[in-house]
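[1] just the structure for this:
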Amino acid sequence: DSPHTALREVTARASDEVSVAIEDPDACPRYAARVIRGVMGGKSPWWMQKRLIISGIRPISSIVDITNYVMLETGHPLHAFDLERFGSREVVVRRARPGEKFTTLDEREHELTPDVLLITNGKAGVAAGGVMGGLNSEVSGSTTDILLEAAYFNPSVIRMSKRHLGLATESSARFERGADPNGGLERA
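    This is a model prediction of the structure:
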């Protein structure tokens, strides 16, 4: 049974906070972003941690756990970036350039090819789209403002990215099977 939540919509528009440019609409036909300010880090409640553990997901922090919990509830992955560590107020979704380097959350540096769809801050990669976030924009215990991503990624592109990176994640498993193109967007 899901907990009841009541959300109060803010009047600030996401487009006033951050711009989004999709350079490869075949790989990423939809990308929505929302800025959420004043979040509190720390541990998530035990009931949430327990639900994640039972589902095979390791609890990490309240912010990350919430995105994973929403993924379990809706079937659609979300990703949270630390807004202050993001590096700009611009999101650019593009293919990686040959030889471009990117360090994932697991602290592994990867040399990329255009097989990888990259979420960038307009200058540098911040996530391998649909697979794993980057260490440079990781949410931490001191995070207070986040950039929340809700997107749809082409399954074959995610399959190629996952294979190139040698990473299989909960997110990539859902995207490569074909997530709902409209999923998560009403929540972003």
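[2] find the nearest non-adjacent residue to the residue nearest to the spatial centre of the chain, please.
    The centre of the chain sits closest to residue 79, judged by C-alpha atoms, centre = their mean, with a distance of 2.1 Å. Excluding the flanking residues, the one nearest residue 79 by C-beta to C-beta, 6 or more residues apart in numbering is residue 149, at 4.3 Å. In this view, the C-beta of every residue, glycine as well, is placed from N, C-alpha and C.
[3] cool, and residue 12?
    Nearest non-adjacent residue to residue 12, counting by C-beta to C-beta, 6+ apart: residue 35, 7.7 Å away.
[4] residue 66 now?
    Among residues not flanking residue 66 along the chain, residue 44 sits closest, at 6.9 Å (C-beta to C-beta, 6+ apart).
[5] hmm, back to that, enumerate the positions of the helix or strand the residue nearest to residue 12 falls within that are buried.
    Element membership of residue 35, judged by DSSP states H and E, is strand 30-37. Residues of strand 30-37 classed as buried: 30-36 (neighbour count, 16 or more other C-beta atoms under 10 Å).
[6] quick one: low-confidence residue ranges for the protein.
    By pLDDT under 70, the low-scoring segments of the chain are 1-11, 180-188.
[7] can you pull out the helices in the protein?
    14-17, 46-54, 62-74, 155-165, 170-176 (DSSP state H).
[8] can I get the CA coordinates of the fourth one in PDB?
    The C-alpha coordinates for helix 155-165 follow below in PDB (Å, rounded to 0.1, in the frame of the first residue of the first chain):
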ATOM      1  CA  PRO A 155      15.500   1.200 -25.900                       C
ATOM      2  CA  SER A 156      18.100   0.300 -28.500                       C
ATOM      3  CA  VAL A 157      20.200   3.400 -27.600                       C
ATOM      4  CA  ILE A 158      20.100   2.400 -23.900                       C
ATOM      5  CA  ARG A 159      21.100  -1.200 -24.800                       C
ATOM      6  CA  MET A 160      24.200   0.100 -26.700                       C
ATOM      7  CA  SER A 161      25.100   2.500 -23.900                       C
ATOM      8  CA  LYS A 162      24.800  -0.200 -21.300                       C
ATOM      9  CA  ARG A 163      26.900  -2.600 -23.400                       C
ATOM     10  CA  HIS A 164      29.600   0.000 -24.100                       C
ATOM     11  CA  LEU A 165      29.800   1.000 -20.400                       C
END
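[9] cheers, nothing more for now.
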